[in-house]
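S.K.: A predicted structure for the sequence below; I have some questions about it.
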Amino acid sequence: MSTVDVLTDQAMVVLQDRPVVALSPWLSEAIGECADSGRTLQLVTPLDSRLSLPLRTAAAGAGVQWVVREADSYYEGLTGRPLHWYRNTFEPVPEARDYASGFTSRPSAPIGAQLTLVYRIRHSSEGDVSGPIDRLMQLLTGKTPGGWGPAEPLEYSWQGDRLTEYTRGRASSRVIVIGTGQRVAQALCEFSASGSGGLAEVSTVTVGYGPDDPPPLQHLPSLVGALAAEQTVASLFVQLTPGRADLTTEPRWTGAPAPVALAVAGSVAGPAGMPGQQVGPARSPLTLFPLGDGRSADGWQRHRHLMQHLQSPQP
């Protein structure tokens, strides 16, 4: 159980002093209340706290801010921007020209790589919706998911039919799914109602790898092809982010994400100098475009070039 420590017209301030702060049911509800009232939820933690992946994802969006307390000062946990309390909310320090010292300090654990795959699928008005995340988790970890729920800790053991019932009974929903393999794997699955009773799904699956355990990027074409053989995928984006293998986030700089590949539905020609590889069955192929090694920022330029080509009218 948590409480609101400060409530103003601009912010709801919640103090959390624990090693790992997760997206609890209470915090999830507080985020919703802030969205309805136009406030920002400002989560204040000490320097040695970490955020779970679902809460870190929330903090990266609008409406939630991670405020880190370092001695007598504060900074934004995901950017290192110094903050101060001003006019009933935490705001950036106007005269600050550098990152907070805590943000640039050495991480407390070895930094490996987090492999992230984001896929988009449209489900029909009937049938199971758990198949794509179930299959992708199996492909990435070798095992079926272990559980799911809207908040942490997860409320339900893995039952695809129960997940389907939950998501089809709502106009929109977001659920967390965890893996059970050797490596830590989590997914954030977002469902929203579409036309004719269908559901649009956008799911982000992340697997943690240690510094001596590189992600098997060479197997990406076969993995994407295996997923496409059983699921009608609209698109799938892959990137690597430096980070802890346990998928928690420290309030420190560990490196920027970089793209690896993008797969789109159909047999699609890429721009000049960027050939694609067809994967999956002939009846519903995907075209996979390599973008980089997941470590070089140059991959974002190739990603922009490819997206401009795909979005432009084709002759």
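M.R.: In hand now; what should we look at?

S.K.: just the element for the closest residue to Q65 other than its chain neighbours, please.
M.R.: Leaving aside its sequence neighbours, Q65 sits nearest to Q42 (Cβ to Cβ, 6 or more residues apart in numbering; 4.9 Å). Every residue, glycine included, has its C-beta placed from N, CA and C. Per DSSP states H and E: Q42 is located in strand 40-46.

S.K.: average pLDDT across the helix or strand that that strand is followed by?
M.R.: Next along the chain after strand 40-46, taking DSSP H and E as the criterion, comes strand 50-51. Averaged over strand 50-51, pLDDT sits at 98.

S.K.: list of residues touching strand 50-51?
M.R.: 19-22, 45, 59, 66, 77, 244, 248-251 (Cβ atoms under 8 Å, 6 or more residues apart in numbering).

S.K.: stretch 165-183 too?
M.R.: 23, 54, 129, 133, 137, 140-152, 154, 158, 163, 185-193, 199, 207-209, 213, 245.

S.K.: and the helices in this structure, which stretches?
M.R.: 25-37, 53-59, 131-141, 160-168, 220-230, 298-311 (DSSP state H).

S.K.: now those in a markdown table, with distance to P257 and mean neighbour count?
M.R.: Below are the helices of the chain laid out as a markdown table (distance: least, Cβ to Cβ, whole Å; neighbours: other Cβ atoms under 10 Å):
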| stretch | distance to P257 | mean neighbour count |
| --- | --- | --- |
| helix 25-37 | 23 | 15 |
| helix 53-59 | 13 | 23 |
| helix 131-141 | 18 | 20 |
| helix 160-168 | 28 | 17 |
| helix 220-230 | 16 | 18 |
| helix 298-311 | 9 | 15 |
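
S.K.: now those helices as CSV including distance to L291?
M.R.: Below are the helices of the chain laid out as CSV (distance: least, Cβ to Cβ, whole Å):
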stretch, distance to L291
helix 25-37, 32
helix 53-59, 22
helix 131-141, 19
helix 160-168, 31
helix 220-230, 11
helix 298-311, 4
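
S.K.: quick one, what contacts T254?
M.R.: P107, I111, P242, G243, R244.

S.K.: wait, doesn't the second one sit right on Y209?
M.R.: No: applying Cβ atoms under 8 Å as the test, I111 and Y209 come out as separate, 10.5 Å apart.

S.K.: compare the helices of the chain and give me the one nearest P92.
M.R.: Closest approach to P92 among the helices of the chain is made by helix 53-59 (15.9 Å; Cβ to Cβ).

S.K.: which residues touch R252?
M.R.: G102, F103, T104, S105, R106, P107.

S.K.: nearest spatial neighbour of the fourth one, chain-adjacent residues omitted?
M.R.: Setting aside the residues directly before and after it, S105 is nearest to R252 in space (Cβ to Cβ, 6+ apart), at 6.0 Å.

S.K.: separation between that neighbour and S108?
M.R.: 8 Å (Cβ to Cβ, to the nearest Å).

S.K.: centre of the chain to stretch 242-255, how far?
M.R.: 13 Å (Cα atoms, centre = their mean, to the nearest Å).
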